[in-house]
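Q: The amino acid sequence is not available; the structure is as follows:
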């Protein structure tokens, strides 16, 4: 089973049409302005279909979106704005561009896909390499204490538009000794025009993170951890805070 296959990417925006992209983009904008008020350029790594990147570009930033999924980028590139918003393929572990940015963001748990310490450290180092001195790094992730306290559960999601109905079953399997959760997606897509049904299976291995390890890896990459708080608020994280936001500054 692959991750973000062509088929899964095709229905990605439908699956997350209820996600508050506007609110999240505004929240990230406020974080950038709080920690680096002169920021003008942003790199969005793991940009997916480009929703956050597009909204930030319309807020006045020059934005570069990076993703390793060609299928996701094909959707994102439809929203390119010459001189303001562009998208390129790339892996955050090996990324090497001849430019630096005032801010680097990574949203919707992209860092959780880096299951190995060496991969996460490479990603943080590449972020540091592409930040101006004093630039900010903002990313969200699953928060370990909450994941272990509340535990992931089986979920069912059903969606419909004028062309298809989508039924997605999510079955998580936690591996506590490895700090990861296998999130297994089983999807059925019914085409309303001809009543055919497509079946899609994907397994996403997600790593949950703890502040001490994040702090240490950022430090090794030349980034100082500034704050950690609940994503979409500035509340301190707790045992019920699944999604946290880390903010670091390039030294």
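A: Okay, I see it. This structure is a prediction, so every number in the text was calculated from the model and none was measured.
Q: got any ranges where the chain has weak pLDDT?
A: In the predicted model of the chain, residues 1-4 satisfy pLDDT under 70.
Q: cutoff 90 now
A: By pLDDT under 90, the weakly predicted segments of the chain are 1-18, 71.
Q: quick one, strands of the stretch 101-250 of the chain?
A: Ranges of strands in the stretch 101-250 of the chain, per DSSP state E, counting those that start in this stretch, are 101-106, 131-142, 155-160, 164-175, 180-191, 197-207, 223-230, 243-250.
Q: Kindly compare burial across those and name the winner.
A: When you average the neighbours per residue for each of the strands of the stretch 101-250 of the chain (mean count of other Cβ atoms under 10 Å), strand 101-106 leads with a mean of 25. Where you see a C-beta, it was placed from the backbone N, CA and C, and this is true even at glycine.
Q: Report all helices and strands that it contacts.
A: Here strand 101-106 touches helix 21-35, strand 41-45, strand 131-142, going by 3 or more Cβ pairs under 8 Å, 6 or more residues apart in numbering; DSSP states H and E.
Q: how about these in a markdown table, adding distance to residue 150?
A: Output for the helices and strands packed on strand 101-106, formatted as a markdown table (distance: least, Cβ to Cβ, whole Å):
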| stretch | distance to residue 150 |
| --- | --- |
| helix 21-35 | 22 |
| strand 41-45 | 28 |
| strand 131-142 | 11 |
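Q: before we move on, the earlier item: quick one: which of the strands of the stretch 101-250 of the chain is nearest residue 42?
A: Of all the strands of the stretch 101-250 of the chain, it is strand 101-106 that lies closest to residue 42, at 4.8 Å by Cβ to Cβ.
Q: Output the strands of the stretch 101-250 of the chain in JSON lines; the columns should cover distance to residue 15.
A: Compiled in JSON lines, the strands of the stretch 101-250 of the chain are given as follows (distance: least, Cβ to Cβ, whole Å):
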{"stretch": "strand 101-106", "distance to residue 15": "20"}
{"stretch": "strand 131-142", "distance to residue 15": "18"}
{"stretch": "strand 155-160", "distance to residue 15": "6"}
{"stretch": "strand 164-175", "distance to residue 15": "7"}
{"stretch": "strand 180-191", "distance to residue 15": "9"}
{"stretch": "strand 197-207", "distance to residue 15": "11"}
{"stretch": "strand 223-230", "distance to residue 15": "24"}
{"stretch": "strand 243-250", "distance to residue 15": "17"}
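Q: Looking at those strands, which is nearest to residue 217?
A: Nearest to residue 217, of these and by Cβ to Cβ, is strand 223-230 at 8.8 Å.
Q: strands paired with the closest one, and their directions?
A: Strand 223-230 pairs in its sheet with strand 243-250 (antiparallel), by DSSP bridges.
Q: residues in contact with the strand it pairs with?
A: The contact list for strand 243-250 (Cβ atoms under 8 Å, 6 or more residues apart in numbering) reads 31, 35-36, 109, 128, 131-143, 211, 214, 218, 222-232, 237.
Q: Tell me which of the helices and strands packed on strand 101-106 approaches residue 191 most closely.
A: Closest approach to residue 191 among the helices and strands packed on strand 101-106 (Cβ to Cβ): helix 21-35, 26.4 Å.
Q: Would you mind giving the orientation angle of that closest one with respect to strand 41-45?
A: Here the directions of helix 21-35 and strand 41-45 differ by 130 degrees (axes from the mean of the first three to the mean of the last three Cα atoms, to 10 degrees).
Q: List the buried residues for helix 21-35?
A: Across helix 21-35, burial judged by 16 or more other Cβ atoms under 10 Å covers 21, 24, 25, 27, 28, 29, 31, 32, 35.
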